[in-house]
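Peer 1: Provide a 3D model corresponding to the input given below.
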Amino acid sequence: MKLALIGLPKSGKTTIFNALTRSEHNTDKYGQVATEANIGVVQVADERITRLSELYKPKKTIYATIEYHDYPGIFAKEGDTADNAMLSEIKSAEAFAIVLRGFADEELDSIYDSGDPLAQLTRLEEEMMLNDLIIAEKRLEKIELGYKRGIKTPAILSEDKALHEICAQLQNNLPLRSLQLSPDEEKAVRGFQFFSAKPLLILINCSEDNLRAWDEVLNKLHDRGYKAYTIAGKFEEELSKLDTEEAEMFMADMGMTESIRDRLTHWSYQLIGYISFFTVGADEVRAWTLESGANAVAAAGKIHSDLARGFIRAECFKYDDIMAHGSEKILKEKGLFKLEGKEYVVKDGDIISIRFNV
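Peer 2: Numbering: from 1, shown residues only. Predicted structure coming up:
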């Protein structure tokens, strides 16, 4: 799972990235603007994996991870265009966390947009939709030229229809994440990786002493359908450098129960609609990430492509059941050990073993 941290320059993306990954990239506002992304892999805290590991005592315990990419500021000033290669790389992420500056800074206000998060978000959304519209219109021009040469396949017709719907949506200043395409149309345009089709997580980066000052803005963002939170980036960065005991003491003073790592990874899961299923055994206990609503074959493919190709059955039982009864033998005796077929929809917390033949 890859999530991109994006936003206008000097909004505090790298400060939040440092706190999240416990790294020390330069955050000096007078420092040179980065030209490439910082990348960090963050383990997703999950008490279920810890408890399964205690039960099975495997040689290895592997938690799910999220790969965070901290990109340089994009769309710095009105009329600026970001590097096309960087934009293509950003769009390869499964979702975006947009960092909006909620702290005051006169120097930054004179160079970039003011510390008004709603204005910053509007600016970013407009730029992303414009980028999407340019791409869609260019592709439609090529399709029209193909028609004149007699190229008119069912796949091209489906793509043409989808792109016209996309252009209409964007011309109405509406992001593509709110557009419902048919499965065939969605498949036809999937390769474009449109900016405004990506799920968005909004982070208002402010100081620790005015976290609640943004409640009204958060409510407005929630009313618009965004998942939005305040985060004290600088405070979180300093907190990440402390040992566990000191960090917990400061968190308690702030009324915080989870670290930024735990909060942001959980928010990321919720944003994309992911679940975790598990594989267990003497060699390894492991968490796997899967799209909510995916079937047993998709889960098998997450483990290994051969398992999906030769899928026969999925042996399944529930995390809660193994914790309640303590052994697979008891689960089988109680009828809590199930054999499921290809279309079984995997649930969060399922423990799965795949029967296959290649």
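Peer 1: So which helix or strand of this structure has the lowest pLDDT on average?
Peer 2: helix 106-111 (a mean of 72; mean pLDDT, DSSP states H and E).
Peer 1: Sketch out the low-pLDDT regions of the stretch 251-358 of the chain for me.
Peer 2: Applying pLDDT under 70 to the stretch 251-358 of the chain picks out no residues at all.
Peer 1: show me where it has strands.
Peer 2: For the stretch 251-358 of the chain, applying DSSP state E, counting those that start in this stretch gives strands covering 274-279, 284-291, 311-318, 338-340, 350-356.
Peer 1: hmm, who's touching the third one?
Peer 2: I take that to be strand 311-318. Outside of strand 311-318, the residues within contact range by C-beta atoms under 8 Å, 6 or more residues apart in numbering are 296-297, 299-300, 328, 331, 336-342, 344, 347, 349-357. (Glycine included, C-beta is placed from N, CA and C.)
Peer 1: OK, contacts around F278?
Peer 2: Taking C-beta under 8 Å, 6+ apart as the test, what F278 contacts is 48-49, 52, 285-288, 319, 349-352.
Peer 1: one more time with 10 Å, if that's ok
Peer 2: 46, 48-49, 52, 64, 285-288, 319, 322, 349-352 (C-beta atoms under 10 Å, 6 or more residues apart in numbering).
Peer 1: Could you do A247 as well?
Peer 2: Applying C-beta under 10 Å, 6+ apart, the residues near A247 are 238-241, 256, 259.
Peer 1: Taking the contacts of F278, tell me the two that lie furthest apart.
Peer 2: Pairwise distances across the contacts of F278 peak at 18.5 Å for A64 and I322 (criterion: C-beta to C-beta).
Peer 1: Tell me the bridge partners for the nearest residue to A93 once chain neighbours are set aside.
Peer 2: Distance criterion C-beta to C-beta, 6 or more residues apart in numbering; nearest residue to A93, sequence neighbours excluded, is A4 at 3.7 Å. With DSSP bridges as the criterion, A4 is bridged to H69, F96.
Peer 1: A4: what's it in contact with?
Peer 2: So A4 contacts 13, 37, 67-71, 89-98, 198 (C-beta under 10 Å, 6+ apart).
Peer 1: same check, this time on K347
Peer 2: K347 neighbours (C-beta under 10 Å, 6+ apart): 275, 277, 290, 292, 316, 318-319.
Peer 1: closest to E248 among these?
Peer 2: Nearest member of the contacts of K347 to E248, counting by C-beta to C-beta, is Y319, at 26.7 Å.
Peer 1: List the contacts of I352.
Peer 2: Counting by C-beta under 10 Å, 6+ apart, I352 has contacts 277-280, 288, 290, 296, 299-300, 302-303, 314-317, 340, 344, 346.
Peer 1: What mean pLDDT does stretch 37-47 get?
Peer 2: Across stretch 37-47, pLDDT averages out at 92.
Peer 1: likewise stretch 207-219?
Peer 2: Mean predicted confidence for stretch 207-219 is 90.
Peer 1: Surely M323 touches R48?
Peer 2: Yes - between M323 and R48 there is a contact at 8.3 Å, judged by C-beta atoms under 10 Å.
Peer 1: Neighbour count for these two, which is higher?
Peer 2: Remark: of M323 and R48, R48 carries more neighbours, 19 against 13, as counted by other C-beta atoms under 10 Å.
Peer 1: Name the nearest residue to the more buried one, sequence neighbours excluded.
Peer 2: In space, R48 is closest to Y319, 5.4 Å off (C-beta to C-beta, 6+ apart).
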